[in-house]
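> got a sequence here, can you build the structure:
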Amino acid sequence: MATTHAGPTTTRGPALPASITPSFLQRLTARVSAAPNAARVTTTAPYTGIPLADLPVSTPGDVEDAFARARTAQKAWAATPIAERKKVLLRYHDLVLARQDQALDLMQAENGKTRRDAFLEVVDIGIVSRYYARTAAKYLGPKRRRGAIPLLTRTTELRHPKGVVTVVSPWNYPLSMAASDTIAALMAGNAVVQKPDTQTALTALWSMELMYEAGLPEDVWQMVIGRGGSIGGALMDNADYMMFTGSTATGRQIASDAGKRLIGASLELGGKNPMIVLDDADVDKAADGAVAACFPSAGQLCVSVERLYVAESLRDRFVAAFTARTKRLKLGAAYDYSIDVGSLTTPAQLKTVTEHVDDAVAKGATVLAGGRARPDLGPLFYEPTVLTGVTPDMTLHSHETFGPVVSVYSFRDVDDAIAQANATAYGLNASVWSRDGARGRAVAARVHAGTVNVNEAFAAAWGSVDAPMGGMGDSGLGRRHGADGILKYTEPQTVAHQRLQGFTPPSGVGFETWAALLTGALKVLKAVGAR
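Coordinates of the predicted model:
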């Protein structure tokens with residue numbers, strides 16, 4: 001490795017790993033739901049810009065056919081006992097862990113992230129698949145509910161699958177986002193027709209292939225490839241539920257279209273996530289935490305931090321420690337665990353990052369670390385960047401950059417910190433740092449975000465899969481993980497069996513007398529504490 005004085009340690013990008021053979025790619029791409037003579041699209045490897053995969057492109061008619069097959073398959077899958085579905089997920093869990101090297105190679109080749117970041121996606125899918133395999137019976141099984149009339153009304157809540165769920169998954173976390181939402185939908189008894197981002201479709205197809213190997217019946221999970229402008233209408237028109245992860249602008253349109261069809265939608269959208277370093281924080285730990293919060297997957301993570309708010313009393317020490325750590329990060333490409341920060345994924349993302357930083361610098365911001373693209377490493381590399389002096393007239397002040405760029409601000413007191421952190425239309429994730437856990441949790445509760453981590457970047461909340469994860473405001477609707485993450489894929493049904501006497505008076509009793517009896521009964525129920 002060669003070290004430069006102007007930026008992080010660097011290394012040149014490698015060729016594709018040996019595991020990604022032509023026959024392997026052909027096997028995966030053959031699983032796309034598309035006609036034999038379909039048009040093709042070629043993706044490129046971010047590390048080098050060389051061609052990677054030749055994918056068939058689905059048409060609206062192909063999508064219609066996929067839904068037709070999925071509807072037929074879903075009926076039998078929904079009738080499959082939960083205990084049998086559980087076995088499929090647990091076998092899938094084992095296969096993902098056993099073949100993780102293949103998944104890591106694919107994710108790095110398609111996305112450009114480091115192996116460290118790719119490995120966390122494997123961990124995520126292991127946790128999620130095990131969790132829903134072992135909790136689905138509790139969430140989905142019949143539940144007795146209090147009846148209208150004690151002892152006389154037997155009421156049961158049932159859960160039925162929605163039917164066929166559309167999952168639209170993004171390129172930034174190609175395994176986590178392709179599989180985690182699908183896992184819950186399948187475990188609930190649904191079929192899935194999925195459109196992964198074309199750039200990272202191979203990882204999604206690999207995941208689907210392993211699920212079939214684990215025992216999922218044919219046609220229950222299907223994959224289509226194409227632009228939203230071409231097949232998005234067919235995906236929406238045929239869906240019984242929409243699960244979308246992506247931009248806020250597209251999410252708004254999906255929410256509108258789903259509303260017109262009166263179907264549900266869950267949307268995880270953008271973020272401009274804050275990290276607050278309180279005046280009692282451990283500076284070194286907070287600086288380490290900031291690196292972990294800002295630069296994973298080259299900052300292409302919905303829950304990563306783009307705004308750092310530091311108590312005035314700690315600002316100079318923190319900025320020095322954080323900047324020094326940022327400059328020491330190893331930027332480059334390798335199919336091993338030696339690299340800290342990898343490549344951006346697409347030319348469009350590099351353009352956005354470059355424009356945001358250049359705009360800020362032109363308007364007076366100061367670059368403390370990074371601040372430039374690195375074409376000497378590969379076509380899409382950009383240095384981990386720390387800015388100060390960012391003002392509201394700069395584009396990156398309020399708009400999501402989605403790259404390895406963070407702005408540092410200071411605050412006077414906790415109220416000022418909260419006000420600045422909440423001064424955004426987004427509300428996805430946040431991080432709070434303090435030596436006092438109770439104080440940190442109290443501040444966290446005041447932050448307008450769906451998940452808030454204390455003395456952690458984002459992994460604590462994300463990895464707590466028994467709790468809901470999702471955004472407020474422009475960061476989306478609905479939740480993944482926990483009970484919400486599987487119940488959203490079901491329709492609740494109430495079955496109430498009335499025995500002996502109902503709400504109409506028995507023969508020979510006038511309604512006035514009956515009304516007086518019921519009124520007295522209600523008073524007694526209140527007096528004895530009944531709910």
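> quick one: the lengthiest helix in the chain to chain centroid distance?
With secondary structure taken from DSSP state H, the chain has its longest helix at helix 115-140. Averaging C-alpha positions (C-alpha atoms, centre = their mean, to the nearest Å) puts helix 115-140 13 Å from its chain's average.
> give me the buried positions along that helix.
115-122, 124-133, 135-136, 139-140 (16 or more other C-beta atoms under 10 Å). Yep, even glycine has a C-beta here, placed from its N, CA and C like the rest.
> same check, this time on stretch 245-261
Quick answer for stretch 245-261 (16+ other C-beta under 10 Å): 245-246, 248, 250-251, 254-255, 257-258.
> need the max-distance pair from those.
Across these, no pair lies farther apart than 245 and 257, at 16.3 Å, counting by C-beta to C-beta.
> who's in contact with residue 14?
Residues counted as contacts of residue 14 (C-beta atoms under 8 Å, 6 or more residues apart in numbering) are 47, 333-335.
> want to throw those into TSV with neighbour count?
TSV is the format used below for those (neighbours: other C-beta atoms under 10 Å):
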residue	neighbour count
47	27
333	23
334	18
335	23
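> in helices only, show me these.
Using DSSP H, none of those sit in helices.
> any idea what residue 26 is structurally, helix, strand or coil?
What DSSP: H, G, I helix; E, B strand; the rest coil gives for residue 26 is helix.
> and it, how many residues sit next to it?
11 (other C-beta atoms under 10 Å).
> distance check, it against residue 20.
Shown here: residue 26 relative to residue 20, a distance of 11 Å by C-beta to C-beta, to the nearest Å.
> same check on residue 523?
74 Å.
> residue 37 too?
On the measure of C-beta to C-beta, residue 37 and residue 20 end up 26 Å apart.
> check residue 520 too.
Residue 520 is 76 Å from residue 20, by C-beta to C-beta.
> which one's more surrounded, those two?
Neighbour count, other C-beta under 10 Å: between residue 520 and residue 20, residue 20 has more, with 21 against 10.
> helix/strand/coil for that one?
Going by three-state DSSP: residue 20 is coil.
> is it in contact with residue 109, as I believe?
Yes: contact between residue 20 and residue 109 holds when scored by C-beta atoms under 8 Å: they sit 5.9 Å apart.
> returning to that earlier point: other SSEs contacting the longest helix of the chain?
helix 82-98, helix 100-111, helix 176-187, helix 459-463, helix 482-487 (3 or more C-beta pairs under 8 Å, 6 or more residues apart in numbering; DSSP states H and E).
> mind listing the strands the helix or strand just after that helix pairs with, and their directions?
Moving toward the C-terminus from helix 115-140, the next helix or strand (DSSP states H and E) is strand 143-145. Take DSSP bridges as the rule and strand 143-145 pairs in its sheet with strand 153-161 (antiparallel).
> who's in contact with the strand it pairs with?
74, 78, 139-148, 188-190, 487, 489-499.
> if we use 7 Å, what do you get?
78, 140, 142-147, 188-190, 489-499 (C-beta atoms under 7 Å, 6 or more residues apart in numbering).
> which of the buried residues of stretch 245-261 fall within helices?
248, 250-251, 254-255, 257-258.
> need the residues you listed in JSON lines with pLDDT, can you?
What follows is those, written out as JSON lines (pLDDT from 0 to 100):
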{"residue": "248", "pLDDT": "96"}
{"residue": "250", "pLDDT": "96"}
{"residue": "251", "pLDDT": "96"}
{"residue": "254", "pLDDT": "97"}
{"residue": "255", "pLDDT": "97"}
{"residue": "257", "pLDDT": "97"}
{"residue": "258", "pLDDT": "98"}
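> identify, from the residues you listed, the entry nearest to residue 346.
residue 250 (15.6 Å).
> ok, the closest one to residue 362 distance?
From residue 250 to residue 362 the distance is 29 Å (C-beta to C-beta).
> now residue 113
From residue 113 to residue 362 the distance is 30 Å (C-beta to C-beta).
> now swap in residue 300 and tell me
Counting by C-beta to C-beta - residue 300 and residue 362 are separated by 24 Å.
> and if you look at residue 318?
Counting by C-beta to C-beta, the gap from residue 318 to residue 362 is 26 Å.
> same question for residue 391.
12 Å.
> tell me which element residue 497 is part of?
Counting by DSSP H and E, residue 497 is part of strand 490-498.
> quick one, that strand and helix 115-140 angle?
10 degrees (axes from the mean of the first three to the mean of the last three C-alpha atoms, to 10 degrees).
> partners of strand 490-498, with directions?
strand 153-161 (antiparallel).
> could you point out which element follows the partner strand?
strand 164-169.
> that next one packs against which elements?
helix 60-79, helix 176-187, strand 191-196, strand 241-245 (3 or more C-beta pairs under 7 Å, 6 or more residues apart in numbering; DSSP states H and E).
> please tell me I have it right and residue 487 contacts residue 139.
Yes: contact status for residue 487 versus residue 139: in contact at 6.1 Å, counting by C-beta atoms under 7 Å.
> what touches both of these two?
With C-beta under 7 Å, 6+ apart, residue 487 and residue 139 have no common neighbours.
> ok so, going back, next, format the helices and strands packed on helix 115-140 as JSON lines and append mean pLDDT and distance to residue 272.
Below are the helices and strands packed on helix 115-140 laid out as JSON lines (pLDDT from 0 to 100; distance: least, C-beta to C-beta, whole Å):
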{"stretch": "helix 82-98", "mean pLDDT": "98", "distance to residue 272": "32"}
{"stretch": "helix 100-111", "mean pLDDT": "98", "distance to residue 272": "22"}
{"stretch": "helix 176-187", "mean pLDDT": "97", "distance to residue 272": "19"}
{"stretch": "helix 459-463", "mean pLDDT": "96", "distance to residue 272": "17"}
{"stretch": "helix 482-487", "mean pLDDT": "98", "distance to residue 272": "24"}
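> out of these, flag the one nearest residue 409.
That would be helix 459-463 among those, by C-beta to C-beta, at 22.6 Å.
> buried residues of the closest one, list them for me.
459, 461-463.
> next one: stretch 157-175
Result for stretch 157-175 [16+ other C-beta under 10 Å]: buried residues 159, 161-175.
> please apply the same query to stretch 179-193.
179-193.
> looking at these, which is nearest residue 439?
For the buried residues of stretch 179-193, the nearest to residue 439 is residue 180 (32.5 Å; C-beta to C-beta).
> on that earlier part again, after the strand holding residue 497, next one along is what?
Immediately after strand 490-498, counting by DSSP H and E, sits helix 511-527.
> now that following helix, how far from the centre of its chain.
51 Å.
> what about the closest residue to residue 337 other than its chain neighbours, distance to residue 127?
The spatially closest residue to residue 337, leaving aside those adjacent along the chain, is residue 115, at 5.1 Å (C-beta to C-beta, 6 or more residues apart in numbering). Residue 115 sits 19 Å away from residue 127, going by C-beta to C-beta.
> same thing with residue 346?
From residue 346 to residue 127 the distance is 28 Å (C-beta to C-beta).
> how about the contacts made by the residue nearest the centre of the chain?
With distances taken as C-alpha atoms, centre = their mean, residue 177 lies nearest the centre of the chain, 5.5 Å away. Contact analysis of residue 177 by C-beta under 7 Å, 6+ apart lists 169-170, 245.
> out of these, which comes closest to residue 51?
Using C-beta to C-beta, these come closest to residue 51 at residue 170, 21.8 Å.
> phi and psi next, for that closest one.
phi -90, psi 180 (degrees, to the nearest 10).
> list the contacts for it?
So residue 170 contacts 177, 197, 245-246 (C-beta under 7 Å, 6+ apart).
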